[in-house]
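Engineer: Have a look at this fold, sequence not included:
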């Protein structure tokens, strides 16, 4: 079954590039109107123009810095003032800091936690009532939180990033259980290394483990999961990534930590 999102609206964070932009293209292709959120207004406006022309959808652009503590509440309020309701939420915005915690800039770590965890939880909570209401009303609805294969084991040299994605995975799976009686599809999506601007921000590709996937492949994994009659609470993109995560789950914790440390400490 292929879900159609015609007549609904999807809000996507981190929509200016990479997975966020690809989610926007794919959901617009399935008929969804969009709310695009990121810091770079010029990128959002260019994407909005592309999608309006290609798919005839309505696109609302809301530049925002989600590392601000009250950003989620402000964003929800701005949409409510315009009378804009959301039926699908894709929490994609996030970034990683590479290097030992001892040497990391404290402000960068705080921003990483706020964006990867704080904003994601706040946005999920803010929009959850309308997502659940729309699902119970029969609309095609989803909450997708982008985690990472880093969620499945400790990640030395990216300690905060891995821990934040482990939180996203656990939080989303728990949320899927809590909302199981509604028709809302709640999904944690865990990509591995993906050809996006992520590693430009990180500053090194030493953090990349395994073969790269494209944004198209990762988003296709998510959409296939959402199309299923019974959407799983979480999905890993890429067979090799799924196998590696599976091994991490059965190996002794000390062994997993040692392997992860050696891989991520590469220059």
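Structural biologist: Great, that's in hand. Source: prediction; values computed, not measured.
Engineer: was I right about residue 148 contacting residue 190?
Structural biologist: Yes: look at residue 148 against residue 190 with C-beta atoms under 8 Å: they come within range, at 5.5 Å. All C-beta spots, glycine's among them, are computed from the backbone N, C-alpha and C.
Engineer: hey, what's in contact with both of those two?
Structural biologist: Shared contacts of residue 148 and residue 190 (C-beta atoms under 8 Å, 6 or more residues apart in numbering): residue 165.
Engineer: any weak-confidence spans in the chain?
Structural biologist: Low-confidence regions of the chain, defined by pLDDT under 70, span residues 197-210, 266-267.
Engineer: which residues in it form strands?
Structural biologist: For the chain, applying DSSP state E gives strands covering 9-13, 33-38, 59-63, 88-91, 142-146, 185-190, 234-236.
Engineer: could you dump these to TSV with distance to residue 22 and mean neighbour count?
Structural biologist: Formatted as TSV, the strands of the chain follow (distance: least, C-beta to C-beta, whole Å; neighbours: other C-beta atoms under 10 Å):
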stretch	distance to residue 22	mean neighbour count
strand 9-13	10	26
strand 33-38	12	26
strand 59-63	15	18
strand 88-91	10	28
strand 142-146	11	26
strand 185-190	12	27
strand 234-236	16	21
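Engineer: would you list the ones you listed in CSV and tack on distance to residue 133?
Structural biologist: Formatted as CSV, the entries for the strands of the chain read as follows, by distance: least, C-beta to C-beta, whole Å:
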stretch, distance to residue 133
strand 9-13, 14
strand 33-38, 17
strand 59-63, 20
strand 88-91, 13
strand 142-146, 13
strand 185-190, 15
strand 234-236, 24
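Engineer: Which of these sits closest to residue 179?
Structural biologist: For those, proximity to residue 179 was assessed by C-beta to C-beta; strand 185-190 is nearest, at 5.8 Å.
Engineer: which other helices and strands contact that closest one?
Structural biologist: Counting contacts by 3 or more C-beta pairs under 8 Å, 6 or more residues apart in numbering; DSSP states H and E, strand 185-190 is packed against strand 142-146, helix 159-178, helix 215-227, strand 234-236.
Engineer: What angle do helix 215-227 and that strand make with each other?
Structural biologist: Between the axes of strand 185-190 and helix 215-227, defined by axes from the mean of the first three to the mean of the last three C-alpha atoms, to 10 degrees, the angle is 150 degrees.
Engineer: which residues touch strand 185-190?
Structural biologist: Contacting residues not belonging to strand 185-190 are listed as 135, 141-149, 151-152, 165, 168-169, 172-173, 175-176, 179, 218, 221-222, 225-226, 231-237, 241, 245 [C-beta under 8 Å, 6+ apart].
Engineer: These, buried ones only, as a PyMOL selection?
Structural biologist: Paste this into PyMOL to select the buried members of the contacts of strand 185-190, with burial taken from 16 or more other C-beta atoms under 10 Å:
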select buried, resi 135+141+142+143+144+145+146+147+148+149+151+152+165+168+169+172+173+175+176+179+218+221+222+225+226+231+233+234+235+236+237+241+245
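Engineer: Show the contacting residues for residue 44.
Structural biologist: Counting by C-beta under 8 Å, 6+ apart, residue 44 touches 15, 16, 36, 37, 38, 61, 63.
Engineer: for residue 60, same thing?
Structural biologist: The contact partners of residue 60, taken as C-beta under 8 Å, 6+ apart, are 33, 34, 35, 36, 79, 82, 84.
Engineer: Likewise for residue 121?
Structural biologist: Listed by C-beta under 8 Å, 6+ apart, the contact partners of residue 121 are residue 171.
Engineer: distance of it from residue 73?
Structural biologist: Counting by C-beta to C-beta, to the nearest Å, the gap between residue 121 and residue 73 amounts to 12 Å.
Engineer: now swap in residue 52 and tell me
Structural biologist: As for residue 52, its distance to residue 73 is 28 Å (criterion: C-beta to C-beta).
Engineer: do the same with residue 157
Structural biologist: From residue 157 over to residue 73 the distance is 34 Å, taken as C-beta to C-beta.
Engineer: Between these two, which is the more surrounded one?
Structural biologist: For the pair residue 157 and residue 73, the greater number of neighbours falls to residue 157 (21 against 14), based on other C-beta atoms under 10 Å.
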